[in-house]
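Based on what follows, work out the 3D shape:
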Amino acid sequence: MSYEFSITRNPNPKPKPDPNTLVFGQVFTDHMFVMDYDEGKGWHDGRIVPYGDIQISPASSVLHYAQMMFEGMKAYRTEDGHVQLFRPEMNARRLNRTNERMCMPQMDEDLFVAAVKAVVKQDADWVPNAPFTSLYVRPFIIADDPALGVKSAKHFRFMVILCPSGPYYAANRGKLSTTRIFVEDEFIRAAHGGTGYAKVGGNYAGSLRASQKAHEVDCNDVLWLDAIEHKYVEEVGSSNAFFVMDDEVITAPLAGTILPGITRDSVLTLLRDWGIRASERKISIDDVVAAAKSGKLKEAFASGTAAVISPMGVLRYLGKEYTISNREVGTLSQKLYDTITGIQTGKIADPHGWIQRVV
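Reported below is the predicted structural model:
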């Protein structure tokens, strides 16, 4: 199905930033996508308008009861000048899983992808071409009913904003490098029956205190443990965690507390393509530490849209630090990064049909 959206062009386009000095998520393009939902009418009036502030009632549901969701994806420029997306249909499916959990309306997957493509096409000249850069795409939905009361809203607003971005970790500019990770044994990210598998703002707000603790000991991010026993490894920050032990790559299973990452799925697919044993199973932090001590922990890395592959060099747990792979980027981490980013930017063939071209 094809969709048409009205376009109001920004009469005051901004100068483009230097692609070699871009940071993550601070500069925004000239346009954004907006679409409304009304109960009984569905999603309607999709439009591209100049990027700018929005007006909502101070009584809006999103401000008081956090009925909202968001997605994260990227557009990439190829060497021959095309712009393309990486597995956007997976973002559409995850959006609908989140919406179901948050009592928000479903959206046709084709409509979601068409909206993203339309606004990216409008601002295609903002997609940078320097190494380690991309156009970050942030679709989100907010409930903006102007009424108090804990109930599902009847009006929602879907928006897509864009920002040309450099590497998620500043230290990664120009190369892939390892991070220091703080193992959080007090606070939790998610519990069974909660919203761990959904991409909602409350998950991230609740993680900030642990992030502060990590930064106080010079760590880049937090490794979360399970909510019941504080024993089993779950995620790294907002990314999925992988551990390479002997001849096996292990990541936590999707059991309701883990975000079903699109990069995670891509990593598992590639590993199995390469004949590497990839397991989705529980692994305890004690097993990880023991493997680090004995040298059996060959590599550890996080996967996600923002950083793609982020190798771990140090785990800090209960005041002690454990070095992984001599704080060097592992061979497998580098291969996964090179392969996924190569597919995303058109440098490597796409055998799985993951790429959708915009222009």
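
tell me the centre residue of this protein?
Nearest residue to the geometric centre of the chain (Cα atoms, centre = their mean): residue 305, 4.1 Å.

contacting residues around the spatially closest residue to residue 231 that is not a sequence neighbour?
Distances taken as Cβ to Cβ, 6 or more residues apart in numbering place residue 284 nearest to residue 231, at 5.1 Å, with adjacent residues excluded. (Each C-beta comes from the backbone N, C-alpha and C, glycine too.) Neighbour list for residue 284: 231, 232, 233 [criterion: Cβ atoms under 8 Å, 6 or more residues apart in numbering].

these two touch, right, the last one and residue 242?
No - contact status for residue 233 versus residue 242: not in contact, 10.0 Å apart, counting by Cβ atoms under 8 Å.

If you count surrounding residues, which of the two has more?
Taking other Cβ atoms under 10 Å, residue 233 and residue 242 do not tie; residue 242 has more neighbours (27 against 23).

can you dump the C-alpha coordinates of the host helix or strand of the more buried one into CSV?
Assigned by DSSP states H and E, residue 242 falls within strand 239-245. In CSV, the C-alpha atoms belonging to strand 239-245 read as follows (Å, rounded to 0.1, in the frame of the first residue of the first chain):
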residue,chain,number,x,y,z
SER,A,239,21.6,-2.6,24.9
ASN,A,240,21.7,-6.4,24.7
ALA,A,241,24.7,-8.1,26.3
PHE,A,242,26.8,-11.0,24.8
PHE,A,243,29.6,-13.0,26.4
VAL,A,244,32.0,-15.2,24.4
MET,A,245,33.1,-18.2,26.5
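
What is the subsequent helix or strand relative to that strand?
strand 248-251.

Can you spell out which helices and strands pack onto that following strand?
Helices and strands touching strand 248-251, by 3 or more Cβ pairs under 8 Å, 6 or more residues apart in numbering; DSSP states H and E, are strand 239-245, helix 262-273, strand 277-280.

chain center to the next helix or strand after the last one: distance?
Tracing the chain C-terminally past strand 277-280 and defining elements by DSSP H and E, one meets helix 285-294 next. On the basis of Cα atoms, centre = their mean, to the nearest Å, helix 285-294 sits 28 Å off its chain's mean C-alpha point.

Over to stretch 240-254?
19 Å.

what's in contact with that stretch?
Contacts to stretch 240-254, defined as Cβ under 8 Å, 6+ apart, come from residues 197, 223, 232-235, 258-261, 263-264, 267-268, 271, 276-283, 288, 291, 296-304, 330, 332.

Do I have it right that residue 218 meets residue 180?
Yes - counting by Cβ under 8 Å, residue 180 is a contact partner of residue 218 at 6.2 Å.

now the helices and strands packed on strand 248-251 in CSV, with distance to residue 355 and mean pLDDT?
Listed next are the helices and strands packed on strand 248-251 as CSV, based on distance: least, Cβ to Cβ, whole Å; pLDDT from 0 to 100:
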stretch, distance to residue 355, mean pLDDT
strand 239-245, 21, 98
helix 262-273, 12, 98
strand 277-280, 22, 98
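
Any chance of CSV for these, columns distance to residue 145?
Shown next, in CSV, are the helices and strands packed on strand 248-251 (distance: least, Cβ to Cβ, whole Å):
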stretch, distance to residue 145
strand 239-245, 33
helix 262-273, 31
strand 277-280, 39
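
taking those together, which one is wrapped up most tightly?
The highest mean neighbour count among the helices and strands packed on strand 248-251, using mean count of other Cβ atoms under 10 Å, belongs to strand 239-245: a mean of 24.

so what strands line up beside that strand?
Each strand paired with strand 239-245, and its direction, by DSSP bridges: strand 233-236 (antiparallel), strand 248-251 (antiparallel), strand 297-304 (antiparallel).

And those: which comes nearest residue 161?
Relative to residue 161, the nearest member of these by Cβ to Cβ is strand 297-304, separated by 18.9 Å.
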